[in-house]
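**Q** how would this look folded up:
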Amino acid sequence: MAYDPLKHHRRSTRLRGFDYASPGAYFVTVCVHKGIAAFGQLADEGFVRHNWCGQIVLQQWNALPTKFPHLVLDECVVMPNHFHALLWFASYEEHPAPRATLGAVMGFWKFQTTRLINEARQDRWCQGAAQIWQRGFYDRIVRTEREIEFVRRYIQENPRRASNP
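**A** All right, here's what the predicted structure looks like:
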């Protein structure tokens, strides 16, 4: 299909002119394709019981600093149909260039989780590759200590809020 600017007009949610490789805190949310509960189920106790897909998502998230040494992981939660995380890019003094951008980090992670889930899936319940994530991700630059604490609390309480609407 040819590009038609009247139909294809995705606007970026990124802050124009901001360097997304710069040191600081970022809050990210990634949603599962079509909102399917692919990573487990909510338990009555206010936490998520991860299935094997959810375990892969969490394992790959925790492995990111080996690929991106300037990345520091903070709070995260794998929900049945989405993922939230607070992450930091270390200062330039601690980790000078070259540095990956937030988009590169998230793209790599989404690719890795999709690849590993699809490889494991072939042994479990279907053949062929399937889309795991929605296109893109949501991000927020977290600028103050108050915002950081709010985001941490939001992430920690997300399973409880979801299981008690």
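**Q** and the most centrally placed residue in the chain, what are its phi and psi?
**A** In the chain, the centroid-proximal residue (C-alpha atoms, centre = their mean) is V30; its distance is 4.6 Å. Phi and psi for V30, reported as degrees, to the nearest 10, are phi -130, psi 130.
**Q** what residues are up against it?
**A** 82-83, 106, 110, 133-134, 137-138 (C-beta atoms under 8 Å, 6 or more residues apart in numbering). Glycine gets a C-beta too; all of them are placed from N, C-alpha and C.
**Q** 10 Å instead?
**A** V30 sits next to 57, 82-85, 106, 109-110, 113, 132-134, 136-139 when contact means C-beta atoms under 10 Å, 6 or more residues apart in numbering.
**Q** Buried residues of the helix or strand of the chain with the lowest mean pLDDT, list them for me.
**A** Ranked by mean pLDDT, DSSP states H and E, the helix or strand of the chain with the weakest confidence is helix 102-124, at a mean of 89. In terms of neighbour count (16 or more other C-beta atoms under 10 Å), helix 102-124 has its buried residues at 102, 105-106, 109-110, 112-114, 116-117, 121.
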